[in-house]
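Novice: got a structure for you, letters missing:
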């Protein structure tokens, strides 16, 4: 599914984020920037040890929730990995929405800073952090669409979704944005 917003487009795909040929891949990281499971583990496995070595060297204190840091992409096809720290879902009353939006906004700012034309996101915080997928999709897609409608060098923002249920949620949210 591909939808145009301003000069850029949002694309939804079912697949493996480590295989994307884009300028930057977003990693759903933890605040200590330690290797975890899910998307994070897959990115470190595919990208090789250079990514973790750079994280430890450049960001020894980790990264706060709602922010992101950048490294080279190691063995991945991308040039950069943006390690975004999304919130752990605690029921919605602990500023989770604002933190998730900030994580996406920080990645979009990093993409602009590094002159990226294409960027691939996973569904941040919806795995072990238990953020409800429908609510996360709303935050993610609206934040990205708003950015694409402004002046940005980004031409493509691809959401690479791991399973059919997540893909379906994102597709439904994206369809409601077209009305």
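Specialist: Thanks, I have the structure now. Note that the coordinates shown come from a computational prediction; the quantities given were computed from them, not determined experimentally.
Novice: partner residues bridging the most centrally placed residue in the chain?
Specialist: Nearest residue to the geometric centre of the chain (Cα atoms, centre = their mean): residue 121, 3.3 Å. Taking DSSP bridges, one finds residue 159 as the beta-bridge partners of residue 121.
Novice: residue 37 contacts residue 128, correct?
Specialist: Yes: the pair residue 37 / residue 128 is scored as a contact, 6.8 Å apart, by Cβ atoms under 8 Å. (C-beta placed from N, C-alpha, C; glycine too.)
Novice: all helices of the chain, in order?
Specialist: For the chain, applying DSSP state H gives helices covering 38-47, 49-58, 96-113, 133-149, 164-177.
Novice: so which bits of the last one are buried?
Specialist: For helix 164-177, the neighbour count (16 or more other Cβ atoms under 10 Å) marks 166, 167, 168, 169, 170, 171, 173, 174 as buried.
Novice: and the contacts of that helix?
Specialist: Helix 164-177 has contacts (Cβ atoms under 8 Å, 6 or more residues apart in numbering) with 1, 3, 10, 12-14, 123, 126, 133-134, 137-138, 140-142, 145, 159, 161.
Novice: out of those, which are buried?
Specialist: Burial by neighbour count, 16+ other Cβ under 10 Å: within the contacts of helix 164-177 this picks out 3, 10, 12-13, 123, 126, 133, 137-138, 140-141, 145, 159, 161.
Novice: quick one: find the helix or strand in the protein with the lowest mean pLDDT.
Specialist: Sorted by mean pLDDT, DSSP states H and E, the helices and strands of the chain end with strand 2-5, the least confident at a mean of 92.
Novice: buried sites along it?
Specialist: Under 16+ other Cβ under 10 Å, the buried positions of strand 2-5 are 3, 5.
Novice: what packs against it?
Specialist: Applying 3 or more Cβ pairs under 8 Å, 6 or more residues apart in numbering; DSSP states H and E, we find strand 2-5 packed against strand 8-14, helix 133-149.
Novice: would you reformat those as TSV and include mean pLDDT and distance to residue 42?
Specialist: As requested, the helices and strands packed on strand 2-5 are exported to TSV (pLDDT from 0 to 100; distance: least, Cβ to Cβ, whole Å):
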stretch	mean pLDDT	distance to residue 42
strand 8-14	97	15
helix 133-149	96	18
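Novice: nearest to residue 57, out of these?
Specialist: Checking the helices and strands packed on strand 2-5 against residue 57 by Cβ to Cβ gives helix 133-149 as the closest, at 29.7 Å.
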